[in-house]
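K.L.:
Sharing a model prediction with you, sequence too.
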Amino acid sequence: METDDLAALAPRLPSPLEPVEDERFARRGLALLLKRDDLIHPDLPGNKWRKLVLNLRAAAGRPVLTFGGAYSNHLRATAAAGRLLGFPTIGVVRGDELAGRPLNPSLARCAADGMRLEFTDRATYRAKHEPAVLAAFLARAPEGTYAVPEGGSNALAAEGCAALGRELSGRADVAAVACGTGGTLAGLAAGFDGRALGVPVLRGGFLGGEVRALQAAAFGGPRGDWRLDERFHCGGYGRSNPELDLFVRDFEARHGLAIERLYVAKMLFALVSLAEEGAFAPGTRIAAVVTGAPDALPQDTA
Ligand SMILES: Cc1ncc(COP(=O)(O)O)c(C=O)c1O
């Protein structure tokens, strides 16, 4: 695949940086800016575009195999890229119990985009990064298939996300991003001349090591000024609590913007909490990276 093929998808880059009026920031002399990565591309929004772009160039039109859970946004984005750019995709889905069931709306979209789905038991899925396990998946795929890890996070993904940091350099002092695998933060921090703040949405305290490993693989060592605040996972991945629910509804009403719940909501919640704690000096320009849009798929009622 040529570089031009990806350009033909007409991504909206650099993504808009929008100031928002929010008195919780304004009364402390802080400026809140929304970095609208959710507007980059309708089928590859936010960090999906940034993480896939260099991987798809490296795949150069070969089939792409990747991994995800039954509701993975990354699987959907990869399947959509395959449809738009005309390369085959294979999605390894966690949970072999799903194999005999009707597809949920997320997997149905992947299949409609031409992705071949391979359901796998959870133990094999957990071991997917082991060379022998990965080799077994690739052996069942067409020759020359290019593998992208779960969540799309590898060295090329981190490199792709460095562009996010470059777009924000000189325009914000702090840039906050929600973290799952840490790939987006690893790249953001490397490209940014300010302070990057990562808000993990999973429990576990493992993320710092992941970010360091991704930076070592992508850039040869630590890059940028970044830290994590582990207090805002609200119980873990996909979990919420009444305080977060209330916060999101209020934020949506204040700003007329629907918020993605799994990641973006927790990052915004963290920023408002930190502002209220006095964590930022007056005059600080804070960019909140909107890494995704709310799910447009119908709810799975099965
Ligand atoms: C909307 C959204 N924001 C943030 C993230 C976290 O990105 P990362 O896994 O690179 O930490 C994800 C996961 O890819 C996501 O879907």
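P.N.:
Received it, and whenever you're ready, just let me know what you need.

K.L.:
Run through the strands of this protein in chain order.
P.N.:
Using DSSP state E, the strands of the chain run over residues 17-20, 31-35, 64-68, 89-94, 116-120, 146-148, 174-179, 195-200, 225-228, 285-289.

K.L.:
which other helices and strands contact the first one?
P.N.:
When you say that, I think you mean strand 17-20. In terms of contacts (3 or more CB pairs under 8 Å, 6 or more residues apart in numbering; DSSP states H and E), strand 17-20 is packed against strand 31-35. To be clear about C-beta, it is placed using only N, CA and C from the backbone, and glycine gets the same treatment.

K.L.:
Please give me every residue in contact with the residue nearest the centre of the chain.
P.N.:
Central residue of the chain (CA atoms, centre = their mean): residue 47, 4.4 Å from the mean position. If you count contacts by CB atoms under 8 Å, 6 or more residues apart in numbering, residue 47 has them with 37, 152, 161, 164, 183, 184, 291, 292.

K.L.:
picking up where we left off before, possible to save the strands of the chain as CSV with mean neighbour count, distance to the ligand and mean pLDDT?
P.N.:
Shown next, in CSV, are the strands of the chain (neighbours: other CB atoms under 10 Å; distance: least, CB to the nearest ligand atom, whole Å; pLDDT from 0 to 100):
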stretch, mean neighbour count, distance to the ligand, mean pLDDT
strand 17-20, 14, 17, 98
strand 31-35, 22, 12, 98
strand 64-68, 25, 10, 97
strand 89-94, 23, 15, 98
strand 116-120, 18, 19, 98
strand 146-148, 21, 12, 98
strand 174-179, 27, 4, 98
strand 195-200, 26, 8, 98
strand 225-228, 16, 11, 98
strand 285-289, 25, 8, 98
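
K.L.:
Just the pLDDT at the residue nearest to the centre of the chain, thanks.
P.N.:
On pLDDT, residue 47 comes in at 94.

K.L.:
Just among the contacts of residue 47, which is most surrounded?
P.N.:
For the contacts of residue 47, the largest neighbour count, defined by other CB atoms under 10 Å, is 33 neighbours, found at residue 184.

K.L.:
Backbone dihedrals for residue 61, both of them.
P.N.:
phi 90, psi -10 (degrees, to the nearest 10).

K.L.:
how near is it to the ligand?
P.N.:
Separation of residue 61 from the ligand (CB to the nearest ligand atom, to the nearest Å) stands at 24 Å.

K.L.:
re the thing from before, could I get the strands of the chain as a markdown table with distance to residue 265?
P.N.:
Output for these, formatted as a markdown table (distance: least, CB to CB, whole Å):
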| stretch | distance to residue 265 |
| --- | --- |
| strand 17-20 | 15 |
| strand 31-35 | 13 |
| strand 64-68 | 21 |
| strand 89-94 | 24 |
| strand 116-120 | 29 |
| strand 146-148 | 26 |
| strand 174-179 | 8 |
| strand 195-200 | 10 |
| strand 225-228 | 17 |
| strand 285-289 | 11 |
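
K.L.:
what comes up buried for stretch 186-197?
P.N.:
The neighbour-count check on stretch 186-197 (16 or more other CB atoms under 10 Å) flags 186, 187, 188, 189, 190, 191, 192, 194, 195, 196, 197 as buried.

K.L.:
near the ligand, anything from stretch 75-85?
P.N.:
No: for stretch 75-85, no contact with the ligand is found by CB under 6 Å from any ligand atom; the gap never falls below 8.8 Å.

K.L.:
list the buried ones in that stretch?
P.N.:
75, 76, 77, 78, 79, 80, 81, 82, 84, 85.

K.L.:
tell me which parts of the protein are close to the ligand?
P.N.:
46-47, 73-74, 151, 153, 178-184, 260, 263-264, 291-292.

K.L.:
ok, 5 Å please
P.N.:
For the chain, the residues in contact with the ligand (CB under 5 Å from any ligand atom) are 73, 151, 178, 179, 180, 181, 182, 183, 184, 263, 291, 292.
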